[in-house]
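Student: I'll drop the sequence and a predicted model, then ask my questions.
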Amino acid sequence: MEYKKHLLNKFVRSKRKSLKMTQKEMSEKAGVGLRFVRELERGKRTLKMDKVDQVLFLFGYELGPIESIRDNNRNEEG
């Protein structure tokens, strides 16, 4: 689970930096608060999906289901 936790925040930070955008600029363009952007980039586990989608929309992306990577030992137990 730790692996997936950091994918979204690194993706957003990377996209923002590639566009040479500050966190404040990104928050204004996405219509979300600066605090939300900071929490997103820090990898906060509980975020509102609609706000995450607003940020991702800036980069031409949206939230969606992806297959999870499971620990083989857990699969054998269940």
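Tutor: Noted; the coordinates are in hand. Numbering: from 1, shown residues only.

Student: quick one: low-confidence ranges for the chain?
Tutor: When residues are selected by pLDDT under 70, those of the chain lie in 1-6, 71-78.

Student: just give me the longest helix of this protein.
Tutor: helix 7-18 (DSSP state H).

Student: now do the buried residues in the helix or strand following that one.
Tutor: Counting by DSSP states H and E, the next helix or strand C-terminal to helix 7-18 is helix 23-30. Within helix 23-30, the residues scored as buried using 16 or more other CB atoms under 10 Å are 23, 26-27, 30. For every residue, glycine as well, the C-beta is placed using N, CA and C.

Student: what is helix 23-30 packed up against?
Tutor: Other elements packing on helix 23-30 under the criterion 3 or more CB pairs under 8 Å, 6 or more residues apart in numbering; DSSP states H and E are helix 34-42, helix 49-58.

Student: what's that helix in contact with?
Tutor: Helix 23-30 has contacts (CB atoms under 8 Å, 6 or more residues apart in numbering) with 16, 21, 33-34, 36-38, 41, 51, 54-55, 57-58.

Student: which one of the residues you listed is nearest G64?
Tutor: F57 (12.8 Å; CB to CB).

Student: next up, the contacts around that closest one.
Tutor: Contacts for F57 (CB under 8 Å, 6+ apart) come out as A30.

Student: so how far is L47 from the nearest residue to L34 once chain neighbours are set aside?
Tutor: For L34, the nearest residue in space outside its immediate sequence neighbours is S27; the separation is 4.5 Å by CB to CB, 6 or more residues apart in numbering. Per CB to CB, to the nearest Å, S27 is found 13 Å from L47.

Student: intersection of neighbour lists for those two?
Tutor: Overlap between the contact sets of S27 and L47, as judged by CB under 8 Å, 6+ apart, is given by F36.
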